[in-house]
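Asks: need the 3D shape of this:
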Amino acid sequence: MNNPLIGRLDERRLLESALQSPKAEMISVIGRRRVGKTFLVKSVYANNIDFDITGIQHATRTEQLRNFMLQIAKFSAGSFPITQPKDWLEAFYFLSKFLEMKQKAEKRPGHRAVVFLDELPWLATHKSGFLKGLSWFWNSWAVDREIVVVICGSAASWMIKNVVHNKGGLHNRITKRIYLKPFDLLETKNFLTAKNLHFDHYQILHLYMALGGVPHYLDEIEAGKSAAQNIDAICFSENGLLYDEFSKLYSSIFDNSEAHVKVVRALAAKTKGLTRSDIVQHSGLSEGGAVSTLIDELQHSGFVSVYLPFGKKKKDSLYRLTDEFSLFYLQFMERNRLDGPGVWQQLSKTQAYISWAGYAFESICLKHVAQIKKALGIAGVYATASSYIKKGVDGEPGIQFDLLIDRNDHVITVCELKFYGAEFTIDTATAMAYRNKMATFKEATQTRKQLFLTLITTFGVKQNQYSLGLVDASLTMDDLFEKI
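Replies: Residues are numbered from 1 along each chain as shown. Okay, the predicted model is just below:
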């Protein structure tokens, strides 16, 4: 990506502070594939990196070691003798000698060396001894020097288990942590603007619903094309970046990724979310601890989010597929990629599109609760966000609220989320339905808190006799683009 670094202000500050630290720093950077981890590190540390290496997927230990020494040769410009190391302990010994040689030769006052180890899970092949070598490098050499070691990986669960929570020589050695998330809507807008792409909020919202806030995906968007045309080219064209991305996405992060994909497929089919036991039932996986591990791994990697329904216990937690691209692929791309140019513009006129757009908009709102609170003027009020579901019994219909903001000022903000192509109009039936839902909620939960109804829609709510006195606040998609 030939783009300036957009957003990431907190992450930048953390990385920059490490350069001023009086002690050695080991920083872990974790985030899903294509989210911009490498770009972030290399942008901030461009003038300080004295050595970096990226692991090779599916390479043997011998191949990884060879690559390691070739990188030392590259950074030394051939001045460091190349010897094939016997193991990772010797490889890191060579690295320490190279860094000592570089420091003596260049004598840069105030320079703080940075060592960047990218795609660490690919470097640390099974029984390779890589982590022991890294442990020696840190504990026996780096810890007493002015150095920053950055370790990075897309396999978030592997990184957390084997590095962040390491029980051996790297135990408690991580000094700073970055969990890099996809862009929010404002960062997405700023990213596109930096590329001289000027879309209105409705177009950006459509792009985000299909691609999410993944910088590498957004980098494919072209000027002169609508959101629908860009989605068509990026996702449905044989030459599009994301045409076969789904098949690579999970296999590049997880071993035995077929089981992870089964969980993802189950969640994609049940957009309101599934409990853990529901996931077992709908995915066809066997009951056991392995399912919990799979869910945790998908959570840590940013594909799945967990929500605790209002008034429920942890065992009732609902899991939702909140990776926009995965949902879009399973809803539309998997079955329609071979239908030729213009297929998305045709699909966007179907009932399936309306259902998907509603769910995708809900998920985006749930990711932008901080922006919603700011728009409502309650950013400084402590509150928890949740959903609410009451199943119908004895012929009585059930009710559902997608977002409740339970505030400590004795108020619950009830948010109804509506994706609509124009102003949303409340009629007699809709107004009655809202009143009945809130009355049922108060009776079922026995809450004594005041209920405020907020509608969050694309273009706002048209004021009429039914909205007045019923809707306490109306937000639009523009409020989701606010800076927090």
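Asks: just checking, what packs against the worst-scoring helix or strand of the chain on mean pLDDT?
Replies: When each helix and strand of the chain is scored by mean pLDDT, DSSP states H and E, helix 156-159 comes last, with a mean of 80. Under the contact definition 3 or more CB pairs under 8 Å, 6 or more residues apart in numbering; DSSP states H and E, helix 156-159 sits against strand 25-30, helix 120-123, helix 289-300. For every residue, glycine as well, the C-beta is placed using N, CA and C.
Asks: TSV for these, including mean pLDDT, mean neighbour count and distance to Gln371?
Replies: Below are the helices and strands packed on helix 156-159 laid out as TSV (pLDDT from 0 to 100; neighbours: other CB atoms under 10 Å; distance: least, CB to CB, whole Å):
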stretch	mean pLDDT	mean neighbour count	distance to Gln371
strand 25-30	94	23	24
helix 120-123	92	24	34
helix 289-300	87	17	22
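Asks: and for the closest residue to Ser96 other than its chain neighbours, the neighbour number?
Replies: Among residues not flanking Ser96 along the chain, Trp141 sits closest, at 4.5 Å (CB to CB, 6 or more residues apart in numbering). Residues within reach of Trp141, counting by other CB atoms under 10 Å, total 18.
Asks: ok so, going back, out of the helices and strands packed on helix 156-159, flag the one nearest Asp50.
Replies: Each of the helices and strands packed on helix 156-159 has some distance to Asp50 by CB to CB; the shortest is strand 25-30, at 14.4 Å.
Asks: re earlier: distance from the least confident helix or strand of the chain to the middle of the chain?
Replies: Centroid separation for helix 156-159 versus its chain: 14 Å, with CA atoms, centre = their mean, to the nearest Å.
Asks: next helix or strand past it?
Replies: strand 176-179 (DSSP states H and E).
Asks: quick one: average confidence on that following strand?
Replies: Averaging pLDDT along strand 176-179 gives 93.
Asks: elements contacting the next helix or strand after it?
Replies: Stepping forward along the backbone from strand 176-179, the first helix or strand reached (DSSP H and E) is helix 185-194. In terms of contacts (3+ CB pairs under 8 Å, 6+ apart), helix 185-194 is packed against helix 201-211, helix 215-218.
Asks: contacting residues around helix 185-194?
Replies: With CB atoms under 8 Å, 6 or more residues apart in numbering as the test, helix 185-194 has contacts from 3-4, 6-7, 183, 198-199, 201, 204-205, 207-208, 213, 215, 218, 221, 364, 368, 371, 480-483.
Asks: okay, it in CSV with CA atoms only?
Replies: Taking C-alpha atoms only, helix 185-194 is exported to CSV below (Å, rounded to 0.1, in the frame of the first residue of the first chain):
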residue,chain,number,x,y,z
LEU,A,185,-16.2,4.3,9.5
LEU,A,186,-14.4,7.6,10.1
GLU,A,187,-10.9,6.0,9.6
THR,A,188,-12.3,4.3,6.5
LYS,A,189,-13.5,7.7,5.1
ASN,A,190,-10.1,9.2,6.0
PHE,A,191,-8.2,6.4,4.3
LEU,A,192,-10.3,6.8,1.1
THR,A,193,-9.9,10.6,1.2
ALA,A,194,-6.1,10.2,1.4
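Asks: average pLDDT for it?
Replies: 96.
Asks: now do the strands in the stretch 351-484 of the chain.
Replies: 383-390, 399-407, 411-418, 424-425, 450-457, 461-462, 473-475 (DSSP state E, counting those that start in this stretch).
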